[in-house]
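S.K.: Provide a 3D model corresponding to the input given below.
(2 chains)
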Amino acid sequence: MTLRLENVSRSVAGEIYLADIDLALEPGTVNVLLGPTLAGKTSLMRVMAGLDRPGRGRILIDGKDMTGASLRRRNVAMVYQQFINYPSFTVYDNIASPLRRAGLSRDEIDSKVRGAAASLRIDTLLDRLPAQLSGGQQQRTALARALVKEADLLLLDEPLVNLDYKLREELREELREIFKARRSIVVYATTEPVEALMIGGNTLVMDRGRILQAGRTVEVYHNPATLRVGEVFSDPPMNMIDGRVADGEGVLGGTMRTPAHRHLSALNPGDYRFGIRCNHLFVARQSPADIEFTARVELAEISGSETFVHAGFADVSWVVQEEGVHTLSLGQEIRVYLDPANLFAFDRDGTLIAAPARRGASSAAA
Amino acid sequence: MARIHLDRIAHSYVSKPRGESDYALRSIDHVWDDGGAYALLGPSGCGKTTLLNIISGLVQPSQGRVMFDERDVTNLPTQQRNIAQVFQFPVIYDTMTVFDNLAFPLRNRRIDEAQVIKRVEEVAATLELTADLKKRAQGLSADAKQKISLGRGLVRSDVAAILFDEPLTVIDPHLKWELRRKLKEIHERFALTLVYVTHDQNEALTIADRVAVMHEGQIVQFGTPQELFETPRHTFVGYFIGTPGMNFLPCTLDGGHAVVEGVQVPLAADAARPQNGAGGSLQIGIRPQFLKLSRAATASSVPVAISTVEDLGNFKIVTARLGANTIKIKLPEDEELPGEQGHLSFPPEWTRLYADGVLVE
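M.R.: Purely as a prediction, here's the structure:
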């Protein structure tokens, strides 16, 4: 099945939920909706599912206008943030329920239920009731029920958000492999950039009811079309500083000077907003071209594998990512090194003008 | 503020516990020094909430004593323990102003009003609530309400300790780092004893100076964030801290080497001494970021088959197979990758040896 949304908008009580959504989703693709809370991810999924009717625009399934068609006429499965299962059914019966409704034979149901349960590693829990399961196991049950249905359209609305991070890590990886093997259109909503990168496929970056950018996940990550996309698709958000280019030189924050080499050489003279991701700032010199500055530590956030140092300089709170775990005191001064080769340049309207060249970019696109 | 001593604590919710599995907490003997920032970190069901409830007085332990300095508080109710608590969800009076909410714990103790005003204004300034002081709590966002809860926990300077139970759960992700920073600032400024319970490694490692990692009713390691990352004392800590977690590979010992799938892996000199390793099932552990992957073999590398490469934008995760073992390798975004076969080196300074799950030192 192919799903097309043409110029879809939806408002409720004067508030814009969705605006001018145009997209086409092909079978066998995984599509991540990435955006902050209230970006319109859930609204878009509800319109796709047929739960809500768009105020304007058309929904085409395999070229046929299905805008007004009810949920029952679309072959859709949906998984929500909250673990939703039938409390009085065993895990087995929960997973089997859509198959029974579809009137499959007992043997067919049995083999499908056991297959889905095995792929989500709940095959030893089939006799239990949801109340006897952990949150992670309950959500696996809900996922198995959605997967077993073999729907044409599989919608997952932040399915891992209520789970412990270790479980989230494991399930992301499992889901990516499960999605790869499917013929359905998978739509997966998340607020987390790392989850989008983990799930892979395509990403549609959303903000305030609009799709800001769509494309292959890694490509969108490396070429954010606008400043806003750069912010949404970075966690922590991309470091930003105002600057200008004149006479073959770039000046950031009034004091940091660099020759406008490589991708920056194509910039016309004028004002820009420069962006750089936190993993491209270092506490030790990496290249002779590095701009060096001293910043005051505001916090060292430790993720378990990395340290994100928040440090102030030139009225900007910079975030520097260090590999490994390091302890820093508040107020401590650190040297920060910034290689201009890693700068994104956005114009005054926030449109991307120049992106860093990437080593190994060709292999990523393959 | 006080020093908290958990003196041989054990707890079972079963009235007649039979085996170890009936215990939510098994033999906890632990000291938190006055003025430190501590975290209790572990997955759901590890016993961290039970332990917090024992400290706060909601639960009386089946065995052992809770000491605040030299005072045995084991059988005292919460109100007599002189502690402040902040919970997952805001606990505030909606109809009161922000000021009155913050002042409540002080006025309740008949603190002089001039002192109340001074303290409330100080805490409000730190939490950036000054502009909201005259507003009713009712109309404020969930974030602001939780900030008031934090403020109510922090406003008394005479408490033995402040206990936090996952207080940032309801906070918007983009505001979280700011509140973590505030908590750290406040801890440094007011020299509070702070015990922070969470399942989130990021929160625990960022806020606490020392973290107690809990697993199946026990504290398996109590250490600084750096120690937990670099030298996990238990395989659970290696797994639980870090994304992805530590790799563990079953091995045997042969002189100064570990042997994995018939291939020698060198170990640091002191790790491999046989008198340390003794019996039990042996594993080597190494974090994904410390492994070196190369196209060509080196003197100490082992050949691996590469199964998948995930491009995560600012880094790559390679999944490789060594016999029956799966190994995760974390590489910088622009690192050249070998094809389907590669050679993996285990730097001895980052390769740990575990016997029955416990670090061999």
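S.K.: Around chain B, which positions in the stretch 251-366 of chain A sit nearby?
M.R.: Within the stretch 251-366 of chain A, the positions lying close to chain B (CB under 8 Å from any CB of the partner chain) are A:277, A:279, A:298-305, A:310, A:321, A:323-327, A:330, A:358-360, A:363-364. Glycine gets a C-beta too; all of them are placed from N, C-alpha and C.
S.K.: Need the buried ones from those selected in ChimeraX.
M.R.: Only the buried entries of those go into this ChimeraX selection, using 16 or more other CB atoms under 10 Å in any protein chain shown:
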select /A:277,279,298,299,300,301,302,303,304,305,310,321,325,330,358,364
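S.K.: okay, the residue lying closest to B:His343 once chain neighbours are set aside: pLDDT?
M.R.: Excluding its sequence neighbours, the residue lying closest to B:His343 (CB to CB, 6 or more residues apart in numbering or on different chains) is B:Ser301, at 3.9 Å. pLDDT recorded at B:Ser301 is 90.
S.K.: Compute the number of surrounding residues for B:Ser301.
M.R.: The local packing of B:Ser301 (other CB atoms under 10 Å in any protein chain shown) involves 18 other residues.
S.K.: is it true that it touches B:Ser294?
M.R.: Yes. Between B:Ser301 and B:Ser294 there is a contact at 6.7 Å, judged by CB atoms under 8 Å.
S.K.: shared neighbours, these two?
M.R.: Counting by CB atoms under 8 Å, 6 or more residues apart in numbering or on different chains, the common neighbours of B:Ser301 and B:Ser294 are B:343-345.
S.K.: Mind checking which of those residues are buried?
M.R.: Buried subset of those (neighbour count, 16+ other CB under 10 Å): B:343-345.
S.K.: In JSON lines: these, plus pLDDT and secondary structure.
M.R.: Formatted as JSON lines, those follow (pLDDT from 0 to 100; DSSP: H, G, I helix; E, B strand; the rest coil):
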{"residue": "B:His343", "pLDDT": "95", "secondary structure": "strand"}
{"residue": "B:Leu344", "pLDDT": "95", "secondary structure": "strand"}
{"residue": "B:Ser345", "pLDDT": "94", "secondary structure": "strand"}
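S.K.: does the lengthiest helix in chain A come close to chain B?
M.R.: Identified as the longest helix of chain A according to DSSP state H is helix A:165-180. Yes. Helix A:165-180 is in contact with chain B by CB under 8 Å from any CB, via A:165-166, A:169.
S.K.: so what does that helix touch, helix or strand wise?
M.R.: Here helix A:165-180 touches strand A:30-34, helix A:135-148, strand A:185-190, helix A:193-199, going by 3 or more CB pairs under 8 Å, 6 or more residues apart in numbering or on different chains; DSSP states H and E.
S.K.: could I get these as a markdown table with mean neighbour count, distance to A:Leu227 and mean pLDDT?
M.R.: Formatted as a markdown table, those follow (neighbours: other CB atoms under 10 Å in any protein chain shown; distance: least, CB to CB, whole Å; pLDDT from 0 to 100):
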| stretch | mean neighbour count | distance to A:Leu227 | mean pLDDT |
| --- | --- | --- | --- |
| strand A:30-34 | 25 | 16 | 98 |
| helix A:135-148 | 24 | 35 | 91 |
| strand A:185-190 | 25 | 21 | 97 |
| helix A:193-199 | 23 | 15 | 94 |
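S.K.: now A:Arg168: how far from A:Gln139?
M.R.: Separation of A:Arg168 from A:Gln139 (CB to CB, to the nearest Å): 10 Å.
S.K.: picking up where we left off before, can you give me the angle the longest helix of chain A makes with helix A:135-148?
M.R.: Our comparison of helix A:165-180 with helix A:135-148, counting by axes from the mean of the first three to the mean of the last three CA atoms, to 10 degrees, yields an angle of 10 degrees.
S.K.: what comes up buried for helix A:165-180?
M.R.: Buried residues in helix A:165-180, counting neighbours by 16+ other CB under 10 Å, are found at A:165-173, A:175-176, A:178-179.
S.K.: give me the number of residues near A:Phe89?
M.R.: Residues within reach of A:Phe89, counting by other CB under 10 Å, total 16.
S.K.: if we compare the helices and strands packed on helix A:165-180, which one ends up closest to B:Pro17?
M.R.: Nearest to B:Pro17, of all the helices and strands packed on helix A:165-180, is helix A:135-148, at 25.3 Å by CB to CB.
S.K.: can you give me how far the helix or strand just after the closest one is from the chain middle?
M.R.: Per DSSP states H and E, the first helix or strand lying C-terminal to helix A:135-148 is strand A:153-157. Put simply, strand A:153-157 sits 14 Å off its chain's centre (CA atoms, centre = their mean, to the nearest Å).
S.K.: And strand A:153-157, what does it pack against?
M.R.: Contacts defined by 3+ CB pairs under 8 Å, 6+ apart place strand A:153-157 against helix A:41-49, strand A:76-79, helix A:135-148, strand A:185-190.
S.K.: thinking A:Ile16 is in contact with A:Gly55, fair?
M.R.: No. The criterion here is CB under 8 Å, and A:Ile16 misses it with A:Gly55 at 9.7 Å.
S.K.: Give the intersection of the neighbour lists for those two.
M.R.: Listed contacts common to A:Ile16 and A:Gly55 are A:9-10; contacts here mean CB under 8 Å, 6+ apart.
S.K.: what helices or strands is the host helix or strand of A:Arg10 leaning on?
M.R.: Element membership for A:Arg10, per DSSP H and E: strand A:3-12. In terms of contacts (3+ CB pairs under 8 Å, 6+ apart), strand A:3-12 is packed against strand A:15-25, helix A:41-49, strand A:56-61.
S.K.: That one vs strand A:15-25, what angle?
M.R.: Angle, strand A:3-12 to strand A:15-25, by the same axes, to 10 degrees: 180 degrees.
S.K.: Show me which positions of strand A:3-12 end up buried.
M.R.: Those would be A:3-6, A:8-10, for strand A:3-12 by 16+ other CB under 10 Å.
S.K.: so where's the chain shaky on pLDDT?
M.R.: No chain in the question, so chain A it is. A:71-72, A:359-366 (pLDDT under 70).
S.K.: nope, chain B
M.R.: Counting by pLDDT under 70, the low-confidence segments of chain B come to B:1, B:174, B:270-279.
S.K.: Can you tell me who the residue nearest the centre of it pairs with across the strands?
M.R.: Closest to where the C-alpha atoms of chain B average out (CA atoms, centre = their mean) is B:Leu41, at 3.3 Å. Note on B:Leu41: beta-bridge partners by DSSP bridges are B:Thr198, B:Val213.
S.K.: Distance check, it against B:Lys145.
M.R.: Separation of B:Leu41 from B:Lys145 (CB to CB): 26 Å.
S.K.: ok so, going back, who's in contact with the residue nearest to the centre of chain B?
M.R.: Taking CB under 8 Å, 6+ apart, we find B:Leu41 in contact with B:48, B:198-201, B:204-205, B:211-214, B:240.
S.K.: give me that answer again for 10 Å
M.R.: B:Leu41 is in contact with B:48, B:196-201, B:203-205, B:208, B:211-215, B:219, B:221, B:228, B:237, B:240-241, counting by CB atoms under 10 Å, 6 or more residues apart in numbering or on different chains.
S.K.: Domains in the chain, by residue range?
M.R.: All of this is about chain A. Using automatic domain parsing, the domain ranges for chain A come out as A:3-232, A:239-365.
S.K.: Chain B was what I was after
M.R.: Per automatic domain parsing, the domain ranges recorded for chain B read B:4-235, B:246-359.
S.K.: quick one, which of these is nearest to A:Ile122?
M.R.: Between the domains of chain B, domain B:4-235 lies closest to A:Ile122; by CB to CB that is 16.9 Å.
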